[in-house]
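> Next comes the sequence, and after it the predicted model I'd like to discuss.
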Amino acid sequence: MNTKAVHAYLLLLPALVLLVAFTHYPAVATVVDSFLSTPKPNRAAVFVGLDNYVQLVEDPIFWQALRNNLWFALGTIPLSIALALVMAMWVNERLPGRAFLRLAYFTPTVLPMIAVANIWLFFYTPTYGLLEQVGAAFGLPSRNWLGDPHTALAAITVVAVWKEAGFFMIFYLAALQGINPSLREAAAIEGAGRWFFFRRVLWPLLMPTTVFVGVNAVINAFRMVDHVFVMTRGGPDNATALLLYHLYEVGFKFWDSGYAAAITVVLLVVLASVALLQFFVLDRRTHYQ
Amino acid sequence: MRRHFLKALGLMLVTAGGAFAQQPVEVPFYFPVAVGGPITKLIDQYAADFNKENPSIKVSPIYAGSYQDTIVKALTAHKAGTPPVASVLLSTDTFTLIDEDAVVPIDNFVKTPEDKAWLGGFYKAFLLNGQIGGKTWGVPFQRSTIVLYWNKELFKEAGLDPNKAPATWTEMADMAAKLTKKDASGKVTQYGVQIPSSGFPYWLFQGLTTQNDVILANEAGNAVRYDDPKVIEALAYWVDLAKKGVHPSGVVEWGTTPKDFMEKKAAMIWTTTGNLTNIRSNAKFDFGVAMLPAGRKRGSPTGGGNFFIFKKAAPAQQEAAFKFARWLTTPERAAQWGIDTGYVAVSPAAWDTPAMKKYAADFPPAIVARDQLPFAVAELSTHDNQRVTKALNDGLQAALTGAKTPEAAMKDAQREAERLLRSYK
């Protein structure tokens, strides 16, 4: 090996050590643990093959959490991206109070999720919460949003959209500002309408940003559970149990580390395959300048 | 220059050696905060006072978050080989701590007759959860029970005697009906009674089951009775309150229940004695505190945290932690702790101290929790506790939201619990 290569590896070493210690080794260890039983003081962990995965298949709460999570993802991803795009287009225009608007849209992102969840808890409170007061002004019936299994999941989805849209808006805003204004002028001369311009010029140019935001949105849909802890603790009757929340309960409330490792592996596989799919399939159809 | 350096180095070594010779016994102590008020400040003060009185010991209190955070930290540290020496943890986690081989029985340190008298001096109800297999594993410290708070103003408005709380289930249902108010469109603006059901509904439900004269788990912690007819009957009573419209429908949030009471949206609520200080300082109306109403009999579970000593600590550290536990629960200190926080002072002797007597005379509701103790039972706790309890929680929420009948919900919960407990028989 020549000196250059040695130097290069030395420079890479610090980051590599951190990544291996805190990301790669734990990931591999989790896969190994998922084939072992949960160690008990009088019984060390033994190899149990696929037992933990069999338990997973038979666990109704796991399936419910997975189903909930898919609905949660289906709710948050398109909604927050669409909202982010609309907000970005809006605050990209020359209008009075633009800086203030941008700040206002970005505020939810800055707030800690736990604080946000506590605020929304009171929004949703029956009989005197904010939603209730607004609803009462229009003569709507009283609802227990978080206490009813039919509305609880939607209620926490709305919080996630509200929290995320502002963050994604920043990326779209940056992308919009990077687009050459002469394109708009050229389109105007050719007589293209606003919608046509958006569909055939802006949207394709924004595609790289959309891929990036999309990957992030998917990961967040499986990662954001802070508000579940505050607002519902997975209730009523697991109606708002998301995968990561279920994983936390199995791992740190039930202390079943073997089974928790199996759920983690499933979660990792799901996320990795979605990310790969997005990068390889969407990327090919994305126009990079 | 070099000589100076060596001299300085020598001096440092000597001082370090000297410090080492008389180094106090370190006692890292994890504690959770589960109620409002300056808990961290109080605990820090206790540790400082104790360290001053005992120069050979250094207790360092470490705030560890909620009960759940604290047990996660303590057990993870235990598994990694360096647990705290002592920690306050939920009394219901005793089985878990024993199964993980994490704690030592308190009896190991009880040697002198004074020690024995001290351990015998706690309320029996508070020792129950910590006594397993003939040994005592936890020292009662921050303990609570459920009581009924009622709004005297609203009682007066409804034509009820403002100084009389419901004494029986029937009375509570009748009063709740009178206390429920609707607006012109038929929307309920004030509920008669509210029993929270988010997070840990099993605890409040245990009030109802105890009153219906049934115990949910056996003492060995390996069998439960979720589908007993009396349990189903207790759940049906709760579900019926909501069906009649005198209790909010669906799952009621635990955290906002005291607020609902203070906003006059609920005329009677069930919640922990730990909320007493909070409600006392924030309610803008006259309120009363009463024992929970009786079904077949009176009853309430206890709740809250015990003081545990960890197994992997050195013997000298364990002895020091034991000394600290004894010091914390002396009558005067237990009384002050109760007054400052709203927790129930853990021994009859604490209630006989002048400070406590004065407090009770100024604020009689504080005594209610104590008077309820003879009717109190151990909080639901089994092997694999949180999982077995979750089976019940899920069943309760399913019944309260109308997804299942009380009978079907409890049968399902029982089946799940039996499956989980199979390996502990």
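Thanks, I have the structure now.
> Spell out which parts of chain B neighbour chain A.
Residues of chain B found near chain A (CB under 8 Å from any CB of the partner chain) are B:68, B:72, B:75, B:96, B:99-101, B:185, B:187-189, B:191, B:197-199, B:248-253, B:255-256, B:259-260, B:263, B:265, B:384, B:386-387, B:390, B:393-395, B:397-398, B:400-401, B:403. All C-beta atoms are positioned from the backbone trio N, CA, C, and that covers glycine.
> So among those residues, which ones count as buried?
Applying 16 or more other CB atoms under 10 Å in any protein chain shown to the residues of chain B next to chain A, the neighbour count classes B:68, B:72, B:75, B:96, B:99-100, B:187-188, B:191, B:197-199, B:248-253, B:256, B:259-260, B:265, B:384, B:386-387, B:390, B:393-395, B:397-398, B:400-401, B:403 as buried.
> So A:Thr151 sits against A:Trp145, correct?
Yes: between A:Thr151 and A:Trp145 there is a contact at 5.0 Å, judged by CB atoms under 8 Å.
> Quick one: residues contacting B:Arg333.
Residues near B:Arg333 by CB atoms under 8 Å, 6 or more residues apart in numbering or on different chains: B:Tyr46, B:Trp327.
> That one sits in which helix or strand?
According to DSSP states H and E, B:Arg333 maps onto helix B:331-341.
> Work out which residue lies at the spatial centre of chain A.
A:Asn220 (1.5 Å; CA atoms, centre = their mean).
> Poorly predicted segments of the chain, please.
I'll assume chain A. Where chain A drops to pLDDT under 70, the residues are A:1, A:287-289.
> wrong one, I was asking about chain B
Short version for chain B, where the test is pLDDT under 70: B:1-22, B:36-37.
> Can you show me the helices along the stretch 251-400 of chain B?
Assigned by DSSP state H, counting those that start in this stretch, the stretch 251-400 of chain B shows helices spanning B:257-262, B:276-282, B:315-328, B:331-341, B:348-351, B:354-362, B:365-372, B:385-400.
> re the thing from before, mind checking which of A:Thr151 and A:Trp145 has more residues around it?
A:Trp145 (22 against 16; other CB atoms under 10 Å in any protein chain shown).
> On the three-state scheme, the more buried one is what?
Three-state call for A:Trp145 (DSSP: H, G, I helix; E, B strand; the rest coil): coil.
> quick one: contacts for it?
Taking CB under 8 Å, 6+ apart, we find A:Trp145 in contact with A:Tyr124, A:Pro126, A:Leu131, A:Thr151, A:Ala152, A:Ala155.
> Need the nearest residue in space to the first one, chain neighbours excluded.
The spatial neighbour of A:Tyr124 that comes closest, neighbours along the chain excluded (CB to CB, 6 or more residues apart in numbering or on different chains), is A:Trp145 at 4.3 Å.
> where does that neighbour fall, phi/psi-wise?
phi -60, psi -50 (degrees, to the nearest 10).
> same thing with B:Thr189?
Backbone torsions of B:Thr189, given as degrees, to the nearest 10, read phi -110, psi -20.
> Am I right that it is in contact with B:Asp183?
Yes: shown here, B:Thr189 and B:Asp183 form a contact pair, counting by CB under 8 Å, at 5.2 Å.
> List the contacts of the closest residue to chain B within the stretch 101-250 of chain A.
Nearest residue of the stretch 101-250 of chain A to chain B (CB to the nearest CB) works out as A:Gly147 at 3.3 Å. Each residue near A:Gly147 by CB under 8 Å, 6+ apart is listed here: A:Pro126, A:Pro236, B:Ser197, B:Ser198, B:Pro248, B:Ser249, B:Gly250, B:Val251, B:Val252, B:Glu253, B:Thr401.
> burial measure for the first one, as a count.
A:Pro126 has 24 neighbours, counted by other CB under 10 Å.
> Quick check: closest non-adjacent residue to it.
Residue nearest to A:Pro126 in three dimensions, not counting chain neighbours: A:Asn144, with 4.5 Å by CB to CB, 6+ apart.
> Helix or strand: which one has the nearest residue to A:Leu242 once chain neighbours are set aside?
Counting by CB to CB, 6+ apart, A:Asn69 is the residue found nearest to A:Leu242 once chain neighbours are left out, at 4.9 Å. Counting by DSSP H and E, the element that carries A:Asn69 is helix A:60-92.
> Next, the buried residues of that helix.
Quick answer for helix A:60-92 (16+ other CB under 10 Å): A:61-62, A:64-66, A:68-69, A:72-73, A:75-77, A:79-81, A:83-85, A:87-89, A:91-92.
> likewise stretch A:94-106?
For stretch A:94-106, by 16+ other CB under 10 Å, it's A:Arg102, A:Tyr105, A:Phe106.
> And the residue of the stretch 251-400 of chain B closest to chain A?
Taking CB to the nearest CB, the stretch 251-400 of chain B has B:Val251 as its residue nearest chain A, at 3.7 Å.
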